[in-house]
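Asks: Everything below, folded, please.
(one chain, ligands or ions: 3)
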Amino acid sequence: MTSATIPGLNGTDGTPPTEHSELLAWVREVAELTQPDRVVFADGSDEEWERLTDQLVEAGTFTRLNEEKKPNSFLGNSDPSDVARVESRTYICSEKQIDAGPTNNWMAPAEMRSLMTDLYRGSMRGRTMYVVPFCMGPLGADDPKLGVEITDSEYVVVSMRIMTRMGKAALEKLGTDRPFVKALHSVGAPLAEGQADVPWPCNDTKYITHFPETREIWSYGSGYGGNALLGKKCYSLRIASAMAHDEGWLAEHMLILKLISPENKNYYVAAAFPSACGKTNLAMIQPTIPGWRAETLGDDIAWMRFGEDGRLYAVNPEFGFFGVAPGTNHASNPNAMKTVEAGNTLYTNVGLTDDGDVWWEGLEDTPEHLIDWKGNDWTPESGTNAAHPNSRYCTPMSQCPILAPEWDDPQGVPISAILFGGRRKTTVPLVSESFDWQHGTFLGATLSSEQTAAAEGKVGAVRRDPMAMLPFLGYNAGDYLNHWINLGKNADSEKLPKIFYVNWFRRGDDGRFLWPGFGENSRVLKWIIDRIEHKADAVSTPIGLVPTAADLTLDGLDVAAADVDEALAVNVEEWKAEIPLIEEWLEFLGEKVPSGVRDEFEALKQRLG
Ligand SMILES: Nc1nc2c(ncn2[C@@H]2O[C@H](COP(=O)(O)OP(=O)(O)OP(=O)(O)O)[C@@H](O)[C@H]2O)c(=O)[nH]1
Ligand SMILES: O=C([O-])CC(=O)C(=O)O
Ligand SMILES: [Mn+2]
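Replies: Residues are numbered from 1 along each chain as shown. Ligands and ions are numbered 1, 2, ... in the order given. The predicted model follows:
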């Protein structure tokens with residue numbers, strides 16, 4: 001493949017639809033290495049969507065859902081071994097190991113390149129290689145954040161069309177020489193001449209690799225969203241966090257929410273919770289308190305930078321939602337249900353009902369019979385899950401009924417409050433306010449949560465997850481915390497967002513949730529806004545400023561007063577038990593932990609006595 005044209009391109013004369021020489025050179029290089037049967041530039045058109053979804057139905061990957069119930073929507077269940085992010089196979093390959101830090105897997109870039117080049121050799125044989133240009137964040141930005149994913153998966157192409165601004169418009173933005181992130185993906189399942197394909201090609205060997213210094217991503221062996229849709233975690237968090245560190249901004253695992261008060265005043269809130277800990281639900285909240293409304297700007301990722309006015313502005317780099325299905329229903333998250341019911345949605349690893357609809361645990365109207373995510377007959381008596389706990393829907397953001405009109409504004413929105421939160425059965429109260437930015441950074445740095453099914457590993461085990469970024473940091477966690485401290489030091493403290501810590505998941509002795517969560521979380525949000533407006537009280541405790549039940553608006557809440565008190569309680573003995581765990585965590589992070597975070601730890605110990 002040494003000629004100027006690219007054989008097989010679009011099945012035509014081989015003339016590529018771009019004159020971007022660096023892109024073309026890379027496409028040729030990858031095609032030569034991976035040996036696909038043909039090369040196609042994805043344009044993001046409706047015609048392409050139809051062609052590829054038809055092809056996926058034909059291949060047995062997709063089932064077209066009932067047109068009346070779920071128009072233009074498909075179910076694609078994965079191989080049972082390929083259902084979540086693989087953190088043990090995720091690498092940050094910086095030149096120096098210290099720059100990947102203690103929280104990341106590391107291998108020297110040259111070694112990883114050599115190892116993966118061997119894996120990629122011939123890995124696309126018998127398949128089509130797609131070149132997928134995309135943009136993270138508004139196309140209208142002064143400095144649009146572009147990328148190109150090369151993939152041999154049709155599932156990835158159609159999913160990228162939902163999750164990113166993909167195709168022709170992004171290719172036009174690339175022009176002839178705009179820089180872009182190179183994101184290479186192969187499912188690692190070449191087909192020999194005449195070999196039949198399987199519905200979900202993947203490989204037992206998996207690598208999700210990042211080269212932060214050269215802003216490159218190499219992914220191999222998995223088709224699952226977080227491993228294969230490279231604009232999402234790989235680019236917008238791991239690579240972008242490294243860019244943000246160099247350039248003075250933040251790339252965070254945060255939802256962006258707009259709250260509108262009864263006085264019609266707008267407040268923007270960003271919140272970082274670990275995977276499957278409630279971002280999508282909070283982002284689409286339907287407030288239960290009269291007069292308050294909410295609108296969504298993003299449910300997973302926020303890029304934040306200081307504006308000329310000194311405030312912190314957030315943009316959502318994504319274009320769709322890749323949300324957890326189980327637990328989502330018309331009561332818990334009506335806005336997510338309306339978004340997916342509008343159609344144009346891809347479902348992965350949920351049940352298929354006899355009338356061609358989807359079902360998952362927690363959805364209303366349990367069917368008498370369905371085909372479960374593994375392809376087996378299922379009834380409510382089966383005693384197994386119809387849907388995998390990490391099953392997901394992939395749906396266009398534009399269909400969200402409460403999408404904020406400013407969602408695509410390249411300026412972003414000014415953030416008034418940042419929330420950190422996790423899943424903790426004990427210890428962590430429903431809400432607390434940090435004393436200041438440095439203390440808030442400490443709360444984020446020591447954030448802890450019980451593990452969920454969003455990644456391989458033991459569900460329920462408590463782990464520290466700094467700013468909910470543990471699996472998504474593209475560089476040393478100590479440097480990252482330093483970056484947070486420094487941003488605060490260099491900003492006008494009056495204009496910085498206030499930082500809060502929430503826990504919707506505290507439980508009583510019998511295991512029941514003490515707080516009903518979901519729409520009722522609006523009561524906590526109202527207190528947060530009232531704190532910003534100096535309208536609500538709080539008690540100063542060793543861990544931060546905490547409301548009493550009397551400080552919250554609880555009219556109409558159907559929860560025992562004792563449960564609310566228990567949800568809000570700061571139990572000094574429980575917090576003392578937390579101290580050695582925090583100590584161990586800071587030791588693990590090592591000497592790069594900033595003094596500001598260490599000082600906060602000492603101060604906490606003092607306050608606990
Ligand atoms: N008890 C309780 N459960 C909640 C609440 N909010 C969300 N959940 C449950 O938490 C699970 C995951 O929530 P999501 O909102 O999808 O998680 P996410 O943080 O967006 O996750 P990722 O997409 O993995 O980053 C779902 O099963 C929800 O039903 C809440 O306020 N209370
Ligand atoms: O990346 C994914 O697969 C989904 C997600 O948002 C997460 O795990 O946090
Ligand atoms: Mn996420």
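
Asks: show me where the stretch 451-600 of the chain has helices.
Replies: Counting by DSSP state H, counting those that start in this stretch, the stretch 451-600 of the chain has helices at residues 477-490, 522-532, 561-568, 572-589, 595-608.

Asks: pLDDT (mean, whole number) over the first one?
Replies: Which is helix 477-490. Average pLDDT, helix 477-490: 98.

Asks: Which residues are in contact with G457?
Replies: 87, 451 (C-beta atoms under 8 Å, 6 or more residues apart in numbering). For glycine as for every other residue, the C-beta is placed from the backbone atoms N, C-alpha and C.

Asks: The closest residue to ligand 2 within the chain and ligand 1, how far apart?
Replies: Nearest residue of the chain to ligand 2 (C-beta to the nearest ligand atom) works out as G226 at 2.4 Å. Relative to ligand 1, G226 is positioned 8 Å away (C-beta to the nearest ligand atom, to the nearest Å).

Asks: show me where pLDDT drops low in the chain?
Replies: Within the chain, the ranges that satisfy pLDDT under 70 run 1-5, 7-8, 10-13.

Asks: Next, count neighbours for the residue lying closest to Y220 once chain neighbours are set aside.
Replies: Distance criterion C-beta to C-beta, 6 or more residues apart in numbering; nearest residue to Y220, sequence neighbours excluded, is Y207 at 4.7 Å. Residues near Y207, counting by other C-beta atoms under 10 Å, number 23.

Asks: got the phi/psi numbers for Y207?
Replies: Backbone torsions for Y207, taken as degrees, to the nearest 10, come to phi -140, psi 130.

Asks: F420 now?
Replies: The phi/psi pair for F420 (degrees, to the nearest 10) is phi -110, psi 150.

Asks: And the closest residue to ligand 3 within the stretch 401-550 of the chain, how far from P317?
Replies: Closest to ligand 3 within the stretch 401-550 of the chain is A454: 7.0 Å, counting by C-beta to the ion. Applying C-beta to C-beta, to the nearest Å, the value for A454 to P317 is 19 Å.

Asks: Those two: who's more crowded?
Replies: Remark: of A454 and P317, P317 carries more neighbours, 25 against 21, as counted by other C-beta under 10 Å.

Asks: Roughly how far does that one sit from D558?
Replies: 38 Å.

Asks: Check K425 too.
Replies: 22 Å.

Asks: More neighbours: those two, which one.
Replies: K425 (16 against 6).

Asks: Just give the nearest non-adjacent residue to the more buried one, would you?
Replies: R507 is the one closest to K425 (C-beta to C-beta, 6+ apart), at 4.6 Å.

Asks: Quick check: the one you found touching V428?
Replies: No - at 11.3 Å, R507 and V428 do not qualify as touching, with contact defined as C-beta atoms under 8 Å.

Asks: quick one, which of the two is more surrounded?
Replies: Comparing R507 with V428 by neighbour count (other C-beta under 10 Å), the higher total belongs to V428, at 26 against 16.

Asks: That one sits in which helix or strand?
Replies: V428 is part of no helix or strand when elements are defined by DSSP states H and E.

Asks: list the contacts for the closest residue to it other than its chain neighbours?
Replies: In space, and not counting its chain neighbours, V428 is closest to N503: 4.0 Å by C-beta to C-beta, 6+ apart. Residues near N503 by C-beta under 8 Å, 6+ apart: 421-424, 428-431.

Asks: let's see it at 7 Å
Replies: 421-422, 424, 428-430 (C-beta atoms under 7 Å, 6 or more residues apart in numbering).

Asks: If we ignore the residues flanking it in sequence, what's nearest A404?
Replies: That would be E295: by C-beta to C-beta, 6+ apart, it lies 3.8 Å from A404.

Asks: now that neighbour, what's its secondary structure?
Replies: Secondary structure state of E295, per DSSP: H, G, I helix; E, B strand; the rest coil, is strand.

Asks: is it true that it touches P405?
Replies: No - with contacts defined as C-beta atoms under 7 Å, E295 does not count as touching P405, sitting 8.0 Å away.

Asks: Which one of the two is surrounded by more residues?
Replies: Neighbours were counted for E295 and for P405 using other C-beta under 10 Å; E295 has more, 23 against 9.

Asks: Share the number of residues neighbouring E381, please.
Replies: 6.

Asks: ditto for the one 5 residues further on
Replies: Residues within reach of A386, counting by other C-beta under 10 Å, total 28.

Asks: which SS class is it?
Replies: coil.

Asks: I'd like to know how far it sits from F321.
Replies: Relative to F321, and taking C-beta to C-beta, A386 is found at 21 Å.

Asks: same deal with L346?
Replies: From L346 to F321 the distance is 11 Å (C-beta to C-beta).

Asks: ok, now N72?
Replies: With C-beta to C-beta as the criterion, N72 and F321 are 16 Å apart.

Asks: For burial, what's the neighbour tally of the closest residue to K69 other than its chain neighbours?
Replies: Of all residues not flanking K69 in the chain, D357 sits nearest, at 4.7 Å (C-beta to C-beta, 6+ apart). Using other C-beta under 10 Å, D357 has 21 neighbouring residues.

Asks: Pull the contacting residues for D357.
Replies: 65-66, 69-70.

Asks: Drop anything exposed from those residues.
Replies: 65, 70 (16 or more other C-beta atoms under 10 Å).

Asks: just the contacts of D357 now: which is nearest A538?
Replies: K70 (45.5 Å; C-beta to C-beta).

Asks: Return the distance of the residue most central in space within the chain relative to H253.
Replies: The chain has D300 as the residue nearest its centroid, 4.1 Å off, counting by C-alpha atoms, centre = their mean. Using C-beta to C-beta, D300 is found at 7 Å from H253.

Asks: same thing with E600?
Replies: In terms of C-beta to C-beta, E600 sits 22 Å off from H253.

Asks: so where does the residue of the stretch 251-400 of the chain found nearest ligand 1 fall, helix or strand?
Replies: Closest approach between the stretch 251-400 of the chain and ligand 1, counting by C-beta to the nearest ligand atom: G327, at 2.6 Å. In the assignment (DSSP H and E), G327 maps to no helix and no strand.

Asks: Can you classify the residue lying closest to it once chain neighbours are set aside as helix, strand or coil?
Replies: What sits nearest to G327 in space, not counting adjacent residues and going by C-beta to C-beta, 6+ apart, is G362, at 4.2 Å. Here G362 is recorded as coil under three-state DSSP.
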